[in-house]
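Engineer: Generate a structure from the sequence data that follows.
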Amino acid sequence: MRAGAVTTVLLTAAAVTVSTAAAPLATATDHQVNMLMTRMTLPEKVGQLFVSEVYGATATTTDPVDVAANHRLYGADVGNGAQLLARYHLGGVIYFSWSDNLNDPRQITALSAGLQHAATAAPGGVPLQISTDQEGGTVNRIGAPLAVSPGNMAIGATFDPAAAYRAASVSGAQLRALGINTDDAPVVDVNTNPLNSADGPRAFGDRTGWTARFAAAAVHGYAASGVGAQAKHFPGLGDTTVNTDNGVAVTHETRAQIMARDVPPFRAAIAAGVPSIMAAHIVAPSLDPSGLPASLSRPIVTGLLRGTLHYDGVVITDALSAAALAGIAPDQVVLDAISAGDDELLMPPDLPGAVHAVLNAVRTGRISTARIDQSVHRILRMKAQLGLLQHRYPAAPRNPFDAPGVMAGIARRSITLLRDTRRVLPLTAHSGTRVLVTGWGTATTLNLANALAAQGLATDRLWTGSPDQHTIDTAVAAARAHDVTVVTSYNAWSDSAQQSLVRQLLATGRPIVVASVGGPYDIAYFPTATTYLAAYDYQPVSVTALANTLLGTAPTGRLPVTVRQVTGGGTLFAFGSGIGYQR
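Structural biologist: Alright, predicted model coming up:
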């Protein structure tokens, strides 16, 4: 949908009524979708509801490892993507590195073209929604040579919503050039819980209005690139500690709290024209006392999202293979999702069984054909708005920004200095200073050490990860032999070994610079740290920005969250905190 255009569609079993600010365009799209649907069989319509993974670097792969993986997922008659589409008429495919989809730009582009060709080979074939999770920061699927966003919390630390627009526009343009027409982003959750393992630095911040402004800017940025955004995870994962990929997540917020804290960013995304919203697997008893996850809850999807928020775009579930749904029978998950009001069903663990369950439910009358048609109409309308029904794929819109420069500029502006009481920073490259880089992250510590060495610093590296005591002792000894130690941490609030490493390094009395490359909350666990910077992520673009800041680039980032004391809950660093160098 074009930025600023708002379309509201009310679907009934008998007719489709369209109300829009751009009536001629909406009517033409509606007519095109209706004509296409009249030619579709029930299996073809049901296929449109499913978005799944497929193994292979090409649409017709013969690689034995990928073929075997597809056989395990989809049966003996499906060895590659082309066969999967011919057999199940999927509406969408989602790319991952682990499924051998994302090796390099040329390969990705060819895979996208091959899958689109397979999807449209038969008369009346429907183009694919092709997606991936290119959030940037800690969740990113395609790296160099693409320019990678430093991620939402780093963007929030710039205090500039225009940065969210630019990052989304650049990411979207790059994806579109690869034949990927939907980015499963942005996360618009409000990260109110510092111990959140689902969001953390994936969120723009911990304030509702703040997050809403950045969310809207990102949606507009994706629209400008011709790629569909996907706001997630409705009704919000910001208050939980559990990632639903790994277990059951429950929010104990009241309905009033959810409506005031978590829902407004979704309202903003809807107003910005977001084409799809992902329903989370979080359990919210105040919204649905039944205990069903939000993705399977009719009161939440149809009642709140569709009814109260008046959203008539595509609603997609989070991955149905998530551990949060492990206690529910797979067929029941699929049928509950459709009953709840979801349109797209993401990655069911048993696609053949899921398709059979839906077809059988329609044929026995448990699900009406009108209900299937509702979702298919929304899905096809979204594809039309993305240009897919006009066969504009893969399209490579001219990137309006200098992609590497945009991402580097955002990363540079995000680095936040919270404390430097010993005036250790900036480091000087011409004084013979010997620097040790240690801590979390194999690639992070290597990239940081290399970046410092490239600027003339005598730099050594000792990666520790989540260390045992022997490794800590080695790092402490190395720190004593260096003038300055830079130690990286990543969500150390959940890792006592990282906490122990930093504390023992600080106990040496040597100049220690702590740099967090995840959420900025780690400083609450290092109360004696005299120098602390927050980089918010470990992408190379942010590590380079961190190195440049250590060497003298002015730190201009500010905290987009509040950091509280571990005990007592008092404010340690307020929202907006950040200092510059004392020259």
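
Engineer: where do the helices sit along the stretch 201-350 of the chain?
Structural biologist: Using DSSP state H, counting those that start in this stretch, the helices found in the stretch 201-350 of the chain span residues 208-225, 255-257, 264-271, 298, 330-340.

Engineer: Is it possible to get CSV of these that adds distance to residue 94, mean pLDDT and mean neighbour count?
Structural biologist: Every residue, glycine included, has its C-beta placed from N, CA and C. Shown next, in CSV, are those (distance: least, CB to CB, whole Å; pLDDT from 0 to 100; neighbours: other CB atoms under 10 Å):
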stretch, distance to residue 94, mean pLDDT, mean neighbour count
helix 208-225, 17, 97, 25
helix 255-257, 32, 97, 13
helix 264-271, 20, 98, 22
helix 298, 25, 98, 17
helix 330-340, 16, 97, 21
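
Engineer: nearest to residue 143, of those helices?
Structural biologist: helix 208-225 (18.8 Å; CB to CB).

Engineer: tell me what the closest one is packed against?
Structural biologist: In terms of contacts (3 or more CB pairs under 8 Å, 6 or more residues apart in numbering; DSSP states H and E), helix 208-225 is packed against helix 152-157, helix 161-177, helix 264-271.

Engineer: pLDDT below threshold where in this protein?
Structural biologist: 1-27, 392-402, 430-431, 583 (pLDDT under 70).

Engineer: do that again at 80, thanks
Structural biologist: 1-27, 124, 391-402, 404, 429-432, 582-583 (pLDDT under 80).

Engineer: centroid residue for it?
Structural biologist: In the chain, the residue lying closest to the centroid (CA atoms, centre = their mean) is residue 135, at 4.1 Å.

Engineer: Run through the residues that contact the closest residue to that one other than its chain neighbours.
Structural biologist: Take residue 135 and drop its neighbours on the chain: the residue closest to it by CB to CB, 6 or more residues apart in numbering is residue 185, 4.4 Å away. Residue 185 is in contact with 133, 134, 135, 136, 168, 171, 218, 222, 229, 230, 232, counting by CB atoms under 8 Å, 6 or more residues apart in numbering.

Engineer: for residue 43, same thing?
Structural biologist: Residue 43 neighbours (CB under 8 Å, 6+ apart): 89, 355, 359.

Engineer: Check the gap between the residue nearest to the first one when sequence neighbours are not counted and residue 122 for me.
Structural biologist: For residue 89, the nearest residue in space outside its immediate sequence neighbours is residue 47; the separation is 2.9 Å by CB to CB, 6+ apart. According to CB to CB, to the nearest Å, residue 47 and residue 122 sit 12 Å apart.

Engineer: who has more neighbours, the two?
Structural biologist: Legend: neighbour count by other CB atoms under 10 Å for residue 47 and residue 122, higher for residue 47 (24 against 12).

Engineer: wait, that one sits on residue 92?
Structural biologist: No - here residue 47 does not reach residue 92: they are 9.9 Å apart, not a contact under CB atoms under 8 Å.

Engineer: Tell me the bridge partners for residue 230.
Structural biologist: Under DSSP bridges, the beta-bridge partners of residue 230 are residue 276.

Engineer: just to revisit the earlier point, OK, contacts around the residue nearest to the centre of the chain?
Structural biologist: With the criterion set at CB under 8 Å, 6+ apart, residue 135 makes contact with 149, 151, 152, 183, 184, 185, 186, 187, 202.

Engineer: which residues touch residue 558?
Structural biologist: 157, 159, 416, 576, 577, 578.

Engineer: oh, I was asking about residue 238
Structural biologist: Residue 238 touches 189, 190, 191, 192, 193, 196, 199, 203, 206, 261, 262, counting by CB under 8 Å, 6+ apart.

Engineer: For it, what are phi and psi?
Structural biologist: phi -70, psi -20 (degrees, to the nearest 10).

Engineer: For residue 359, see how far away it is.
Structural biologist: Counting by CB to CB - residue 238 and residue 359 are separated by 37 Å.

Engineer: cool, and residue 443?
Structural biologist: 46 Å.

Engineer: neighbour count winner among those two?
Structural biologist: In this view residue 443 and residue 359 are compared by other CB under 10 Å, and residue 359 has more residues nearby, 17 against 12.

Engineer: How many neighbouring residues does the closest residue to the more buried one other than its chain neighbours have?
Structural biologist: Once flanking residues are discounted, residue 359 sits nearest to residue 46: 5.7 Å by CB to CB, 6+ apart. Residue 46 has 27 neighbours, counted by other CB under 10 Å.

Engineer: just the one 3 residues further on next, same as before
Structural biologist: The burial metric for residue 49, expressed as a neighbour count using other CB under 10 Å, is 25.

Engineer: Now do the same contact list for it.
Structural biologist: Contacts of residue 49 (CB under 8 Å, 6+ apart): 91, 338, 343, 344, 345, 358, 372, 375, 376, 379.

Engineer: Can you identify the element that follows the strand or helix carrying residue 514 toward the C-terminus?
Structural biologist: Here residue 514, judged by DSSP states H and E, is contained in strand 512-516. As assigned by DSSP H and E, the chain's next helix or strand after strand 512-516 is strand 531-534.

Engineer: Adjacent strands (with direction) for that next one?
Structural biologist: Strand 531-534 has these strand partners (DSSP bridges): strand 416-420 (antiparallel), strand 512-516 (parallel).

Engineer: Which of the helices of the stretch 201-350 of the chain sits closest to residue 541?
Structural biologist: Among these, helix 208-225 sits nearest to residue 541 (CB to CB), with 17.2 Å.
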